[in-house]
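>>> Fold the following for me, if possible:
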Amino acid sequence: MRLVVDDARTLSPAAADLATLLERVDAIASRFRPDSTLSLANDRAGRPTAVPRLLADLVAAALDAAAQTGGAVDPTVGLAMHRNGYDRDLSAIVLDGPAPGTPTAAPGWHRVRLHREAGLLTVPIGSALDLGATAKAYVADLAARTLSRRYDTAVLVELGGDVAVAGNRPDGWCLEVAERQGAEGQLVLVRGGGLTTSTTTIRRWRRGGQTMHHIVDPRTGQPIDGPWRTASVYAPSALAANTASTAAIVLGDRALDWLTTRGLAARLVAQDGSVVTTGDWPRTKAARGQAAAR
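So this is what the prediction gives:
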């Protein structure tokens, strides 16, 4: 987590507010907490479960992302994640465990039933929701907007590589985009919206001699093994950016056309380390700035 504010006097209360929001999100939306509302809904698959408004909003964002990407970003991959070994916090995963079970396709986002007005969520039978592909970015957007308005200052919020900015900052934010902490990257200037990076190079472990990571192909339930190892995207919001960056990894050979058709500025790193850009993504480096997005 990273929080940067233009007015230093607001940092302490803004940080406390952000921590409170993240604790609230963790309590309702974490797949790793058996007492979370999302875990309860997953355990009750096939039956409507009452959920708070924030969780309904998070699920709605995940379903919108699935629709926008033709199912490339699908929240019903929860059981596949669990079978692949990502069944607890990353720091607690056994880095080399037994082979995963038989892979199966995700049931499909279109089978999820959400009644936002009534606050009811029905997870499809034989599936579990994982909001990891969209929830961080949604919350980064929400936090940046809320804190900027509350404290009348420009704000940058980064949650696990998903960056959202809000408020008036004429000079913008200079961010370093890289695959991992300390890796060579590129400096870009962001004046609004969101910038996110999705990568298969960080959250990795092994099962039965097979390298696993956290970006799953909904069609197979297995970790993506495509031409791109990392995708960074700029968009009007962190949610839109992360939806696109995750989709680019999953779409593989179709990613460039998909990004170009939508006019998105993106930086893709191939498996051999070569870099391809789309849209208005800058092609030159700049001076090191004030915050890093990795």
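
>>> any residues touching stretch 31-48, and which ones?
By CB atoms under 8 Å, 6 or more residues apart in numbering, the residues outside stretch 31-48 that reach it are 26-30, 49, 51-52, 55, 78, 81, 87-89, 113, 115, 120-132. Any C-beta I mention is one placed from the backbone N, CA and C, and that applies to glycine too.

>>> try stretch 14-23
By CB under 8 Å, 6+ apart, stretch 14-23 touches 1, 3, 5, 139, 142-143, 146-147, 150-151, 153, 155, 157, 159.

>>> same question, stretch 116-126
In contact with stretch 116-126 (CB under 8 Å, 6+ apart) are residues 41-42, 44-53, 55-57, 59-60, 76, 79, 107-108, 111-115, 129.

>>> Filter the residues you listed down to the ones in strands?
T49, A50, R113, L114, H115 (DSSP state E).

>>> and the least confident of the contacts of stretch 14-23?
Least confident of the contacts of stretch 14-23 in the model: M1, at 91.

>>> Please determine how far the residue positioned nearest the centre of the chain is located from A72.
Nearest to the geometric centre of the chain sits A133, at 3.8 Å (CA atoms, centre = their mean). Per CB to CB, to the nearest Å, A133 is found 10 Å from A72.

>>> joint contacts of those two?
By CB under 8 Å, 6+ apart, the residues touching both A133 and A72 are T246.

>>> quick one: low-confidence parts of the chain?
Scanning the chain with the threshold set as pLDDT under 70 gives 84-87, 90-103, 204-206, 208-209, 212-213, 283-294.

>>> repeat that for 90
Scanning the chain for pLDDT under 90 picks out 78-108, 133, 160-161, 178-185, 199-225, 282-294.

>>> Show me how it divides into domains.
What the record gives for the chain is the domain set 2-122, 160-293, from automatic domain parsing.

>>> Can you say which of those domains is packed in most?
Highest mean neighbour count among these (mean count of other CB atoms under 10 Å): domain 160-293, with a mean of 19.

>>> now it, how far from the chain's geometric center?
The chain centroid and the centroid of domain 160-293 are separated by 10 Å under CA atoms, centre = their mean, to the nearest Å.

>>> those helices in the protein, which residues are they?
Assigned by DSSP state H, the helices in the chain fall at 11-29, 37-43, 53-68, 78-83, 135-151, 238-251, 255-261.

>>> for those, which one sits closest to V216?
Among the helices of the chain, the nearest to V216 by CB to CB is helix 78-83 (5.2 Å).

>>> tell me the contacts of the nearest residue to G161 once chain neighbours are set aside?
Sequence neighbours aside, T197 is the residue nearest to G161 in space, at 4.6 Å (criterion: CB to CB, 6 or more residues apart in numbering). Counting by CB under 8 Å, 6+ apart, T197 makes contact with G161, V177, A178, E179, T230, A231, S232, S245, A293, R294.

>>> Tabulate the residues you listed (a markdown table), appending distance to T261.
Below are the contacts of T197 laid out as a markdown table (distance: CB to CB, whole Å):
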| residue | distance to T261 |
| --- | --- |
| G161 | 24 |
| V177 | 22 |
| A178 | 27 |
| E179 | 25 |
| T230 | 21 |
| A231 | 15 |
| S232 | 18 |
| S245 | 16 |
| A293 | 25 |
| R294 | 28 |
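
>>> What is the distance between stretch 45-60 and the centre of its chain?
With CA atoms, centre = their mean as the basis, the mean position of stretch 45-60 lies at 19 Å from the chain mean.

>>> could you measure W281 against A265, distance?
Taking CB to CB, one finds W281 at 4 Å from A265.

>>> what is in contact with these two at once?
Y234.

>>> that older thread, any chance of the helices of the chain in CSV, plus distance to R169?
Putting the helices of the chain into CSV (distance: least, CB to CB, whole Å) gives the following:
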stretch, distance to R169
helix 11-29, 15
helix 37-43, 34
helix 53-68, 26
helix 78-83, 37
helix 135-151, 10
helix 238-251, 16
helix 255-261, 27
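
>>> Looking at those, which is nearest to D171?
Per CB to CB, nearest to D171 of these: helix 135-151, 15.9 Å.

>>> same for that closest one, what does it pack against?
strand 2-5, helix 11-29, helix 53-68, strand 155-159, strand 162-166, strand 193-199, helix 238-251 (3 or more CB pairs under 8 Å, 6 or more residues apart in numbering; DSSP states H and E).

>>> Pull out the buried residues from that helix.
Residues 135-148, 151 are the ones in helix 135-151 that count as buried (16 or more other CB atoms under 10 Å).
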